[in-house]
Each structure stands twice: as C-alpha cells, then as structure tokens.
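> Structure, please.
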Amino acid sequence: MKRLTSLFAASIFALGLATAPAFAAETYKLDAGHTEVVFGWTHLGFSKPTGKFANAVGSITLDQADPSKSSVSVSFDISGLNTGVAALDTHLKGADFFDAAKFPTATFKSTAVQVTSAKTAKVTGDLTIHGVTKSVTLDVALNGMGEHPMKKKKAAGFQATGTIKRSDFGVGAYVPAVSDEIKLEITAEAIAE
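Residues are numbered from 1 along each chain as shown. Model prediction:
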C-alpha cells in the first residue's frame, strides 16, 4: 500500500491547519512498530479469520496550505504476513494466493482526498498486490496529532477501513468458499523527520 497521502493530508485539514498561512510541506516517516494492516475474510461461512502485515514502510509529505497536494508512499513485504497459524501463513504466501516469491511487495499510492468531516476523509489510491494495480477508497479517521512525548517530534495517527475483492488482484483461489471480499483495518502512526 504505497501512498496513504490523502489520509494524512485530511488530518491536517481537519485540524484547521489548511487555512493557516502557507508553510513548507513537511515529511513524516511511518513508525513501523505502530503501523499495521489487518485483513479479514469469511471461511466456509463458519469463521472470520484475520491476518496482518506489520512491516509497513513509507513516508508522508503533508502540505498544510493545500492538503490535496500532500502525498504518502507506503509499501510492505508479503513475507511479513502473519495469521498466527504458521501453516496458513505458508499457504497464503504460496502460489494459490499472494505468490510472495514472484510478488514480494504490496504498495499503496494515494491519488485523491475528500474531506468528509472535521476528523474524517475518503482517501483514494492505487493499491498494487500480486502485480495488479486497482483503485481503492479507504474511510479514514484522525486519531490524534501533536508532539510525540518520547521522540519530541510532531506525530500523527490514523485509522482507515475499506473492502477489496481479492479476485480483482488475481488472488481468487477458492472463491466463494473463502470469501472474495476482504475487509481492511489499518492503523498508522507517523513521526516528522
């Protein structure tokens, strides 16, 4: 997921900073220890397992004067997939699903942000998984913004949710027994560089 840009730009707007005098754009780095992508599906109609990627890397450029010009670049290694079940992790990373040997990285690059309230936005971007790129829209909420108490730098945190169809990305094995729709729940924390 490479560029969560709009999501972070929306938070600046939501805080009212977009109407402040023009400032230079600021760059934030994702805190990999506090950023993760959780994905969930339905298995045979009986259970709703989840997995996660907790190895996201990326940077966010926030343009306070014009949040629509902000940008974020995010990627994560498929090898970091973790469901808590080693055999399932191996299967999901294999040729039936992600095929991590051929497609080791997923990315998201935001393309637009639409502010929907003081603390929410719709963020649209290009998601690339399994070598296939599709446009995806996420619902984003600002968790908070301010000085990080330990790092003494500006920090921002967000939640995002969305739904994708895995078959759109060429990862459609066992549909419909294993649901095509995948629910995404993303939490992200970023620190100013």
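> so how far is Lys109 from Thr35?
Distance, Thr35 to Lys109, by CB to CB, to the nearest Å: 16 Å. For every residue, glycine as well, the C-beta is placed using N, CA and C.
> These two: which has the busier surroundings?
Higher neighbour count among Thr35 and Lys109: Thr35, with 23 against 20, using other CB atoms under 10 Å.
> my read: the more buried one touches Ile191, true?
No - contact criterion CB atoms under 8 Å: Thr35 and Ile191 do not qualify, at 10.7 Å.
> can you map out the strands along the protein?
Using DSSP state E, the strands of the chain run over 26-30, 36-40, 50-53, 57-62, 71-77, 105-117, 120-129, 132-147, 154-165, 181-192.
> beta partners for Ala156?
Met145, Ala190 (DSSP bridges).
> Which pLDDT value belongs to it?
Ala156 is assigned a pLDDT of 86 by the prediction.
> Report the buried residues of stretch 180-192.
Asp180, Ile182, Lys183, Leu184, Ile186, Thr187, Ala188, Glu189, Ala190, Ile191, Ala192 (16 or more other CB atoms under 10 Å).
> end-to-end on stretch 74-88?
This stretch, stretch 74-88, spans 25 Å end to end (CA to CA, to the nearest Å).
> contacting residues around it?
Under the criterion CB atoms under 8 Å, 6 or more residues apart in numbering, residues 1-4, 30, 37, 49-58, 89, 92-93, 98, 100, 103-109 lie in contact with stretch 74-88.
> Can you select the buried ones from the residues you listed in ChimeraX?
The buried residues among these can be selected in ChimeraX (16+ other CB under 10 Å) with this line:
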select :1,2,3,4,30,37,51,52,53,54,55,56,58,89,92,93,98,100,103,106,107,108,109
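> Look up how far Lys119 lies from Thr128.
28 Å.
> same deal with Thr163?
On the measure of CB to CB, Thr163 and Lys119 end up 21 Å apart.
> Compare those two and say which is more crowded by neighbours.
Each of Thr163 and Lys119 has its neighbours counted (other CB under 10 Å); Lys119 has more, 17 against 13.
> Need the pLDDT of the more buried one.
With respect to pLDDT, Lys119 scores 80.
> rewinding a little: weakest of the strands of the chain in terms of mean pLDDT?
Minimum mean pLDDT among the strands of the chain: strand 57-62, a mean of 81.
> related to what we said a few turns ago, just put the buried residues of stretch 180-192 in a markdown table and tack on distance to Thr137.
Formatted as a markdown table, the buried residues of stretch 180-192 follow (distance: CB to CB, whole Å):
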| residue | distance to Thr137 |
| --- | --- |
| Asp180 | 18 |
| Ile182 | 14 |
| Lys183 | 14 |
| Leu184 | 11 |
| Ile186 | 13 |
| Thr187 | 18 |
| Ala188 | 16 |
| Glu189 | 22 |
| Ala190 | 20 |
| Ile191 | 26 |
| Ala192 | 27 |
